[in-house]
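Engineer: I would like the atomic coordinates for the input below:
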Amino acid sequence: MKNILILARKEVQEALRNRWVLATTLLLAALALTLTFLGSAPTGIVAVGALDVVIVSLSSLTIFLVPLIALLISHDAIVGEMERGTMLLLLSYPVGRWQVIIGKFVGHVAILSFATLLGYGAAAAALAATGAAIDAASWWAFLSMIGASVMLGAGFIAIGYLVSALVRERGTAGGIAIGAWLLFVLIYDMGLLGVLVVDQGRNLSGGLLDTLLLLNPTDVYRLLNLGSGSAGLLSGMGGIAQSSALTPAILVAALAGWTIIPLAMATVVFSRREL
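Structural biologist: A predicted model of the protein is given here:
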């Protein structure tokens, strides 16, 4: 455990040195504040709380931005150190390869968690400072959204680690990481929508649709945060969530699975890789 914490601290220190933490936090905070003050205008029309509108806006931002940030900070975590020759030096110490993976992962998740909590928290604080009425249910939904955002980021960090463990060059890892982002964030949903339009409910059962949704972490996140309550009303996801058998517990477990499985695969691949 001590080795894992040391490696995690090393990743955080390097991110601070490279301004990753500052840049990520400022980017999330700037976009969150913009969406907060521009996106809360319709609340009087749809008769929902201002923070509920912010949750929908930030969830949509998270789906596009957090996976990209996660992949950018993780895609060269292994192959980058191997190219620089620092991995051999690191493994010369009494530390296991699995500890290297877990330690780096903990450090990167800590970076993303800090940036998300501070960036999105600034938006909520700014909204509260305006005197907007916010009930306890909205605050709970907001905190749940932040937690789910961190889980989504952790999943894509794990995917980035798997990519980094499989390839031999940083450039290849970067290209695959961008391809993975395009697949999960854009292409998959476009393809699924096309299938639904063509099928028109004839062959695609509810169970099969649920399975297809679970195969994309961004869809899991979308259902978890935008499928119920005021968020479901505003986002249009309420109808899909009501016809789905996927409960919040299943969706949380699916997000956890999208972290555990790729991270375990990355650990196995790295443990068998020749340096």
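
Engineer: can you pull out the helices in the stretch 151-275 of the chain?
Structural biologist: Assigned by DSSP state H, counting those that start in this stretch, the helices in the stretch 151-275 of the chain fall at 170-182, 188-199, 206-214, 217-226, 229-235, 238-242, 248-271.

Engineer: Output the contacting helices and strands for the last one.
Structural biologist: By that I understand helix 248-271. helix 97-129, helix 136-166, helix 217-226 (3 or more CB pairs under 8 Å, 6 or more residues apart in numbering; DSSP states H and E). (Each C-beta comes from the backbone N, C-alpha and C, glycine too.)

Engineer: Deepest-packed of those, please.
Structural biologist: Sort the helices and strands packed on helix 248-271 by mean neighbour count, taking mean count of other CB atoms under 10 Å, and helix 217-226 sits at the top with a mean of 25.

Engineer: Local confidence estimate at residue 248?
Structural biologist: In this model, residue 248 is scored at 86, pLDDT.

Engineer: repeat for residue 245
Structural biologist: 76.

Engineer: what does residue 16 give?
Structural biologist: For residue 16, pLDDT reads 79.

Engineer: I'd like the numbering to begin with 203 instead of 1 from here.
Structural biologist: Done: numbering now begins at 203, and the last item shifts to residue 218.

Engineer: who are the neighbours in contact with it?
Structural biologist: residue 224 (CB atoms under 8 Å, 6 or more residues apart in numbering).

Engineer: May I see the buried residues of the strand or helix carrying it?
Structural biologist: Using DSSP states H and E, residue 218 sits in helix 204-219. Residues of helix 204-219 classed as buried by neighbour count (16 or more other CB atoms under 10 Å): 206, 209, 210, 213, 214, 217.

Engineer: In contact with the fourth one, which residues?
Structural biologist: Put plainly, it is residue 213. Residue 213 touches 305, 306, 308, 309, 310, 312, 313, counting by CB under 8 Å, 6+ apart.

Engineer: Give me the nearest residue to residue 369, chain neighbours excluded.
Structural biologist: With sequence-adjacent residues excluded and distances taken as CB to CB, 6 or more residues apart in numbering, residue 369 is closest to residue 375, at 4.8 Å.
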